[in-house]
Structures are given as C-alpha cells and as structure tokens.
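Chemist: pasting the sequence and the predicted model now:
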Amino acid sequence: SQKIEQNSEALNIQEGKTATLTCNYTNYSPAYLQWYRQDPGRGPVFLLLIRENEKEKRKERLKVTFDTTLKQSLFHITASQPADSATYLCARNNAGNMLTFGGGTRLMVKP
Amino acid sequence: GAGVSQSPSNKVTEKGKDVELRCDPISGHTALYWYRQSLGQGLEFLIYFQGNSAPDKSGLPSDRFSAERTGGSVSTLTIQRTQQEDSAVYLCASSSQAGLVYEQYFGPGTRLTVT
C-alpha cells in the first residue's frame, strides 16, 4: 500500500525563522504531492501542489521540494509568523485522484 | 462562490442508532470525497464519487457505512448501527476535474460522537 509519513511530533520555532516540514512516501513516486494546512476545528485548506518532474515550487513565503531519489518532499515556510501555526498535511495522489494523507505535523511559531 | 458545506456540524448519537451526514459540494465540481479523521490522526479515505461513474467504495470500513450522491451534487453518508469507534470528524471534499491536477476543497466537517 502507498504510505505517507510525516513527523508526528510538533515543530516549535521562533518567529522569523524558516520552518521545514518533512514528508516521506513509500513505493513508487506519485504523479504529484499536495500540501494542505489544517486549523483546529476546520477542514484542510489546499496550499501547494508539486509534480513528479518538478524539483521545486514556490508560492509567496512557501516552498515545496520533491526528491524522487530520497522519496521525500520538504515544505518550507520562510519568515514564519505566529499566524502560520497550524497542522500541515502532506498527501500523495493515487488512482482516480484519490489522496492518501500523512498524519500531519503540527507547527507552532512563537513570537 | 460558496464553499463546501456540511451538516450537521455536530452530532451526538447513542450506540446502535443510524446517522446521516450531508455534504453540499461546490457547484460544478464533479468529484466528491468523504474522509474520516479520528482525534490526532490523519485523514482516512472512505468513498469517492466522480460524475456518473460507480463510486469507489474501497475505503469504507464496514458494510454499516454507505453513501449516495443524488443528481451529481449533494451527498449523504449513512452509518447504520453506530459504534463508539465510529466517533470521529467526517470531512467531505470536492474537486473540479476540468484541469490536469485537482486540489480538493474541504468542508468544515461533521463531528460525530457515539455514546
């Protein structure tokens, strides 16, 4: 089965620093990976998508990488702010555009 | 336009009762998904509808779970004879299949508590 693994421990960083979250997958590389943000009591919100043939994708303060050799995606938030505190979910596509989600990593940005 | 809506937002039911959860997807979205999220866990895929095709039910945990999508729009997830382990947040998402890549838009979820 296709698995997505994220660090279940919370990541605590200081405001202004760069947060880096890791997503590892098993078996074959997916056609794309997606990253979502989830706040308590809310549904996930789509942030970024990166395709298998793309090494890096950026959107404002966000950057995602896709390393098919390491079977890993890294999600970076530069100049982090307390408002960035949330749980970040990584997901890989399967057949029919169904997504398999990782367990998420909780990010806490302290002022 | 309006996002994905779900109702009720909270549902408390007694063990053994049946429950129905409703999802209104974004207008025009042909794909609809149901997920379940237990406390502190990731999203678990349940069922997927795409247009008029037969739904993919591969994620349903037991035959007590079923879902319908009427008229290609509203969907209802039904759980019969609820058990305590069914307690979770049930999330619905929809996506447009018009492009090559398909981000999913999630509703706020229904928090189900089985007592």
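Modeler: Noted; the coordinates are in hand.
Chemist: show me the shaky parts of the chain.
Modeler: Chain wasn't specified; assuming chain A. A:1, A:95-96 (pLDDT under 70).
Chemist: wrong one, chain B
Modeler: Under the criterion pLDDT under 70, the flagged ranges of chain B are B:1, B:98-101.
Chemist: residue A:90 - nearest residue in space that isn't next to it in sequence?
Modeler: Nearest non-adjacent residue to residue A:90, counting by Cβ to Cβ, 6 or more residues apart in numbering or on different chains: residue A:23, 3.4 Å away. Just so you know, the C-beta spots here come from the backbone N, C-alpha and C atoms, and that holds for glycine as well.
Chemist: likewise for residue A:83?
Modeler: Nearest one to residue A:83, counting by Cβ to Cβ, 6+ apart, is residue A:109 at 7.8 Å.
Chemist: let me know how buried that neighbour is, in neighbour terms.
Modeler: A count of neighbours around residue A:109, defined by other Cβ atoms under 10 Å in any protein chain shown, yields 20.
Chemist: I'd like the distance between it and chain B.
Modeler: Distance, residue A:109 to chain B, by Cβ to the nearest Cβ, to the nearest Å: 20 Å.
Chemist: return the residues in contact with that residue.
Modeler: Contact analysis of residue A:109 by Cβ atoms under 8 Å, 6 or more residues apart in numbering or on different chains lists A:13, A:14, A:15, A:19, A:80, A:81, A:82, A:83, A:84, A:85.
Chemist: so what's the residue count around whichever residue of chain A sits closest to chain B?
Modeler: Proximity of chain A to chain B (Cβ to the nearest Cβ) peaks at residue A:43, 3.1 Å away. Burial of residue A:43 is recorded as 23 neighbouring residues (other Cβ under 10 Å).
Chemist: now do the one 3 residues further on
Modeler: Residues contacting residue A:46 under the criterion other Cβ under 10 Å number 18.
Chemist: surely it is in a helix?
Modeler: No - applying DSSP: H, G, I helix; E, B strand; the rest coil, one finds residue A:46 to be strand, outside a helix.
Chemist: how about the secondary structure of the closest residue in space to it that isn't next to it in sequence?
Modeler: Using Cβ to Cβ, 6+ apart and skipping residues adjacent in sequence, the residue nearest residue A:46 is residue B:103, 4.0 Å away. Under the three-state scheme (three-state DSSP), residue B:103 adopts coil.
Chemist: doesn't residue B:93 make contact with residue B:103?
Modeler: No - assessed by Cβ atoms under 8 Å, residue B:103 is found out of contact with residue B:93, at 9.4 Å.
Chemist: and these two? Which one has more around it.
Modeler: residue B:93 (25 against 19).
Chemist: in chain B, what residue is nearest chain A?
Modeler: residue B:106 (3.1 Å).
Chemist: hey, what's the residue nearest to residue A:83 bridged with?
Modeler: Residue A:109 has the following beta-bridge partners by DSSP bridges: residue A:13.
Chemist: so which strand or helix has the most centrally placed residue in chain B?
Modeler: Residue closest to the mean C-alpha point of chain B, counted by Cα atoms, centre = their mean, is residue B:34 at 3.1 Å. Using DSSP states H and E, residue B:34 sits in strand B:31-37.
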